[in-house]
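Trainee: 3D model of this:
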Amino acid sequence: MERIKGLLIKPYELPEEIEIENTLEAKQEIVGGYIECVYLPNDDSVVLICNEEGKINGMKLNRDIGHDIIAGPFLILGDDYENGDFKSLDDNQILRYKMRFDKNSIVETENKINAIRMSNFKSSNYER
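Mentor: Model prediction:
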């Protein structure tokens with residue numbers, strides 16, 4: 001079985017370079033359930049693979065990706081759209097996404113989560 005290189009991003013941790021078998025089962029094991037593929041803004045060369053039911057299952061919120069906050073661990077892999085599959089990240093992609101999901105992204109995500117919680121708290125307590 002072919003092995004591919006990608007990044008694993010766990011909640012509150014820095015990205016980790018990993019090599020996995022390019023199988024559905026390997027990806028499901030890493031994200032802890034059914035997979036969902038998400039494209040990131042401004043880059044269709046990579047795919048973010050997360051747990052489809054991460055929020056429903058109460059997994060820890062992980063990172064803000066602009067239009068959503070991903071729950072649970074997720075993978076960044078190359079998009080082999082010509083073959084309808086995934087492929088290894090190249091060195092530039094690894095560097096780009098290590099920087100994109102660095103310590104600052106953890107802080108920014110936490111700030112956004114807290115802002116959402118505060119707005120929900122205010123609207124539920126003051127609009128009665």
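
Trainee: So in the chain, which helix runs the longest?
Mentor: Ranked by residue count under DSSP state H, the longest helix found in the chain is helix 103-126.

Trainee: Which elements pack onto that one?
Mentor: When contacts are defined as 3 or more CB pairs under 8 Å, 6 or more residues apart in numbering; DSSP states H and E, helix 103-126 sits against strand 61-64, strand 69-71. Glycine gets a C-beta too; all of them are placed from N, C-alpha and C.

Trainee: What's the mean pLDDT across that helix?
Mentor: The average pLDDT within helix 103-126 is 82.

Trainee: Likewise for stretch 27-47?
Mentor: In this model, stretch 27-47 has a mean pLDDT of 94.

Trainee: Buried residues in it, which are they?
Mentor: Neighbour-count burial for stretch 27-47, with 16 or more other CB atoms under 10 Å as criterion, is recorded at 27, 30, 31, 33, 35, 40, 45, 46, 47.

Trainee: do the same with stretch 54-70
Mentor: 54, 59, 61, 62, 63, 64, 65, 69, 70.

Trainee: now these in CSV, with pLDDT?
Mentor: Listed next are the buried residues of stretch 54-70 as CSV, based on pLDDT from 0 to 100:
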residue, pLDDT
54, 96
59, 96
61, 94
62, 96
63, 95
64, 93
65, 93
69, 93
70, 95
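
Trainee: okay if I get the residues you listed as JSON lines plus distance to residue 90?
Mentor: As requested, the buried residues of stretch 54-70 are arranged in JSON lines below (distance: CB to CB, whole Å):
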{"residue": "54", "distance to residue 90": "27"}
{"residue": "59", "distance to residue 90": "29"}
{"residue": "61", "distance to residue 90": "29"}
{"residue": "62", "distance to residue 90": "24"}
{"residue": "63", "distance to residue 90": "21"}
{"residue": "64", "distance to residue 90": "25"}
{"residue": "65", "distance to residue 90": "21"}
{"residue": "69", "distance to residue 90": "27"}
{"residue": "70", "distance to residue 90": "23"}
